[in-house]
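Peer 1: Sequence and predicted structure are below.
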Amino acid sequence: MVHQRRSQARLSPSGYEEDIRSVLAPRLAYFEAVARHEHVTRAAHELGVPQSTLSRAMVRLEQDLGVALFARRGRTVSLTPAGRTFLGSAERALAEVEKAADSVRADADPTAGKVAFGFLHTMGSETVPALIRAFRADHPRVRFQLVQNYGEAMIERLRAGDLDLCLTSPVPDAPDLVTRRLDEQRLRLVVPDDHRLAGRRRIRLAEAADETFVTLEPGYGLRRITDDLCAEAGFTPRVAFEGEEAETLRGLVAAGLGVALLPPPAVARPGVVELTVTAPRAAREIGVAWLDGHPDTPPVAAFKHFLLSRRGNLLPD
């Protein structure tokens, strides 16, 4: 009688969904084994639990559900119609649990696991493919889930557990992150090939104070660097267009719609000239970040070690 009162309280309407999961989940494997063997003793032997424990668990399961799942004849049992219905759902639920377990074990496999790796759009055409090719020379079966995004969005995905590591710029400074500076990339002032400055090779950024700029949208690391460099040069850039891709900005520059501070392109683009900025020093740091205290699977640890070994040699020449 005491048990029945507890069951009714557990399955009260106000918290039914949460309560029913806690009641049913631990007993699904027990139920499936008894239903499959149609014999409590054989099921108990398979599960490695006392027969009495298994019998009590099935009685309590039926009491909590308020439905008879078995017709009993001694230790031999057969499923009732309700029991057959419940068995189908229980088998599917257990199969999903097994599938999930197989998936996480596969992702953690030292030789063939998965690395969720985020990186900036500007590193997607050349830098990241070269890194992965070099890493897979020694780890040919490791799989990658690749995510391209701007820095702040990647950090949020890192915190949400969607990413294991990310390459970003500027290198973030946050108490919940571990970061390592890996390399530095010079930025250039990109101008149309018929621009008044196109005949120059070097320029002080202050000389572009009156120009119209095309930039990445606010929130992108390169936009923040552009604004900071222009402020250091003594002006606020007059922005005509904002985009999400560096190569789109290069196309806007080639169309004569402005100038831009950009990292070097993977392939030279016609219609623009790229000038070295001598003052202030125009560069961005590239670093790797991961969540502090987050345990690494073997493939993630191996790729992290590989990235750190490329310090100062991360970017292609």
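Peer 2: All right, it came through fine. Numbering: from 1, shown residues only.

Peer 1: Could you tell me which ranges of the protein sit under the pLDDT cut-off?
Peer 2: 1-23, 317 (pLDDT under 70).

Peer 1: end to end, how far does stretch 71-84 reach?
Peer 2: For stretch 71-84, the first-to-last residue distance is 12 Å (C-alpha to C-alpha, to the nearest Å).

Peer 1: Show residues contacting it.
Peer 2: With C-beta atoms under 8 Å, 6 or more residues apart in numbering as the test, stretch 71-84 has contacts from 34-35, 38-41, 51, 67-70, 87. For the C-beta atoms, the positions are set from N, CA and C on the backbone; glycine is no exception.

Peer 1: among those residues, who's most crowded?
Peer 2: Tallying neighbours with other C-beta atoms under 10 Å puts Val34 at the head of the contacts of stretch 71-84, with 28 neighbours.

Peer 1: secondary structure class for it?
Peer 2: What DSSP: H, G, I helix; E, B strand; the rest coil gives for Val34 is helix.

Peer 1: so who does it touch?
Peer 2: Val34 sits next to 40, 43, 54, 58, 70, 77 when contact means C-beta under 8 Å, 6+ apart.

Peer 1: try it again with 10 Å
Peer 2: Applying C-beta atoms under 10 Å, 6 or more residues apart in numbering, we find Val34 in contact with 27, 40, 42-44, 46-47, 54-55, 57-58, 61, 69-70, 77, 79, 83, 87.

Peer 1: thinking again about what came up before, which of the contacts of stretch 71-84 lies closest to Gly234?
Peer 2: Of all the contacts of stretch 71-84, Gly234 sits closest to Leu87, with 75.9 Å by C-beta to C-beta.

Peer 1: how about that closest one, what does it touch?
Peer 2: By C-beta under 10 Å, 6+ apart, the neighbours of Leu87 are 28, 31-32, 34-36, 69, 79.

Peer 1: Next: Arg186.
Peer 2: By C-beta under 10 Å, 6+ apart, the contact set of Arg186 is 263-264, 276-277, 281-284, 315.

Peer 1: just the CA coordinates of stretch 275-295, formatted as PDB?
Peer 2: The C-alpha coordinates for stretch 275-295 follow below in PDB (Å, rounded to 0.1, in the frame of the first residue of the first chain):
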ATOM      1  CA  LEU A 275      49.000  47.900 -50.700                       C
ATOM      2  CA  THR A 276      51.200  47.300 -47.700                       C
ATOM      3  CA  VAL A 277      50.200  49.400 -44.700                       C
ATOM      4  CA  THR A 278      53.200  50.800 -43.000                       C
ATOM      5  CA  ALA A 279      51.500  52.700 -40.200                       C
ATOM      6  CA  PRO A 280      49.900  51.700 -38.000                       C
ATOM      7  CA  ARG A 281      51.100  48.100 -38.200                       C
ATOM      8  CA  ALA A 282      48.200  46.300 -39.800                       C
ATOM      9  CA  ALA A 283      48.000  42.700 -38.800                       C
ATOM     10  CA  ARG A 284      45.700  40.300 -37.000                       C
ATOM     11  CA  GLU A 285      46.600  37.500 -34.600                       C
ATOM     12  CA  ILE A 286      45.300  34.000 -35.400                       C
ATOM     13  CA  GLY A 287      44.700  31.800 -32.400                       C
ATOM     14  CA  VAL A 288      43.100  28.500 -31.300                       C
ATOM     15  CA  ALA A 289      40.500  28.400 -28.500                       C
ATOM     16  CA  TRP A 290      38.800  25.700 -26.600                       C
ATOM     17  CA  LEU A 291      36.600  25.500 -23.500                       C
ATOM     18  CA  ASP A 292      38.500  25.400 -20.200                       C
ATOM     19  CA  GLY A 293      38.100  22.200 -18.300                       C
ATOM     20  CA  HIS A 294      36.400  20.400 -21.200                       C
ATOM     21  CA  PRO A 295      37.800  16.900 -21.500                       C
END
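
Peer 1: What are the boundaries of the helices in this structure?
Peer 2: Counting by DSSP state H, the segments of the chain that form helices are 2-10, 16-24, 28-37, 40-47, 51-65, 81-107, 127-136, 151-159, 221-232, 246-254, 298-309.
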